[in-house]
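Trainee: coordinates for the following, if possible.
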Amino acid sequence: MGVIDLILRVQNNLFALRRTLAPILPYIDTLADFAENPYLFLRKRLLPVILGGLFSVMFSVADAIARPFASIVGVLELLELQLAGVIVSVTDPVDSVITQVISALRLGTSGLGPFQPFILVSVGIVISYVLFIVIIRLSRGVMDAIPILSGVETFLFG
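Mentor: As a prediction, the model looks like this:
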């Protein structure tokens, strides 16, 4: 009876020891993993934390760099909405004038029969040339009136 009693006592002591060590068993497993292969332990446990922190810092810096550009893009979008109205208010009358000129030319050359397309193209080329010359003269006059653009105009045209 002494041996069985001794075995039961050892078994009860092992169960008591296991209950006592139960809260620290995960830490013991971690230390055992580190003792077996420190490189693998560092790669499994430490590397994800370091890389996560590094990526977090990098994305925070990238966000801090991108934030002013986002506000600039917002301002440009507002400017685009403002300029769209101005451009439409300028291009609509010009489109109306061009349509009326083309209608007048068609009406004026309607009696020429098969020569009408050739006459229309010739008149269109002459009108385009005259408009081009007028636009160049106007732009040179405007550039000459503005101090900074005056230097550019002198550099370009002499």
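
Trainee: list phi and psi for T109.
Mentor: phi -100, psi 10 (degrees, to the nearest 10).

Trainee: does it touch F118 like I think?
Mentor: No - using C-beta atoms under 8 Å, T109 makes no contact with F118, being 9.5 Å away. The way it works is simple: take the backbone N, C-alpha and C, and place the C-beta from them, glycine included.

Trainee: in terms of neighbours, single out the busier of those two.
Mentor: T109 (17 against 11; other C-beta atoms under 10 Å).

Trainee: in what helix or strand does L107 lie?
Mentor: In this assignment (DSSP states H and E), L107 forms part of helix 47-108.

Trainee: for that helix, name the packing helices and strands.
Mentor: helix 116-145 (3 or more C-beta pairs under 8 Å, 6 or more residues apart in numbering; DSSP states H and E).

Trainee: between the helix it packs on and helix 47-108, how big is the angle?
Mentor: 120 degrees (axes from the mean of the first three to the mean of the last three C-alpha atoms, to 10 degrees).

Trainee: what's helix 116-145 packed up against?
Mentor: helix 47-108, helix 147-157.

Trainee: make a markdown table out of those helices and add mean pLDDT.
Mentor: Shown next, in a markdown table, are the helices and strands packed on helix 116-145 (pLDDT from 0 to 100):
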| stretch | mean pLDDT |
| --- | --- |
| helix 47-108 | 85 |
| helix 147-157 | 78 |
